[in-house]
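Novice: 3D, please:
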Amino acid sequence: MTKQTEKVVSEYSEEGVDVPYEQISPATLRALIEEFVSREWSELSDSNYPLDEKVEQVLQQLRDKKAKIVYDLTSETCNIVPNEGRFHV
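Specialist: Take a look at the predicted model:
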């Protein structure tokens, strides 16, 4: 982790550290986003978008700082969460 990471508690009760997406290898970032959109879109029953488009939408939200990646210290997993309640799936 770098100086840019900070301890956070999100509205989703995840206590962890912010992980700047730019510091994650492209392959790992893509896998993380694919897992996230597969889980989130299946819960929303939204199959109108191809996987690549869903991944790009989430990546754009990370770029726009509408979403962030948090490493949960309790579960030792990563998740993508809204940044200040501005996240849209």
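Novice: Next, name the residue at the spatial heart of this protein.
Specialist: Against the mean C-alpha coordinate of the chain, by CA atoms, centre = their mean, the closest residue is Ile80 at 2.0 Å.
Novice: Do I have it right that that residue meets Leu59?
Specialist: No: Ile80 is beyond contact range of Leu59, at 10.0 Å (criterion: CB atoms under 8 Å). Backbone N, C-alpha and C define where each C-beta goes, glycine included.
Novice: Find the residues that touch each one of those two.
Specialist: Ile33 (CB atoms under 8 Å, 6 or more residues apart in numbering).
Novice: residue contacts, Leu59?
Specialist: For Leu59, the contact set (CB under 8 Å, 6+ apart) comprises Tyr21, Leu29, Ile33.
Novice: For it, what are phi and psi?
Specialist: Backbone torsions of Leu59, given as degrees, to the nearest 10, read phi -60, psi -40.
Novice: Kindly provide the distance from it to Val19.
Specialist: Leu59 is 14 Å from Val19, where distance means CB to CB, to the nearest Å.
Novice: For the contacts of Leu59, give me CSV that also has distance to Asn48, pLDDT and neighbour count.
Specialist: Converted to CSV, these look like this (distance: CB to CB, whole Å; pLDDT from 0 to 100; neighbours: other CB atoms under 10 Å):
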residue, distance to Asn48, pLDDT, neighbour count
Tyr21, 25, 96, 17
Leu29, 24, 97, 20
Ile33, 18, 96, 24
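Novice: quick one: which of those sit in helices?
Specialist: If you go by DSSP state H, the contacts of Leu59 have Leu29, Ile33 in helices.
Novice: thinking again about what came up before, contacts only, for the residue nearest to the centre of the chain.
Specialist: Contact partners of Ile80, counting by CB under 8 Å, 6+ apart, are Leu32, Ile33, Phe36, Val58, Leu62, Ala67, Lys68, Ile69, Val70.
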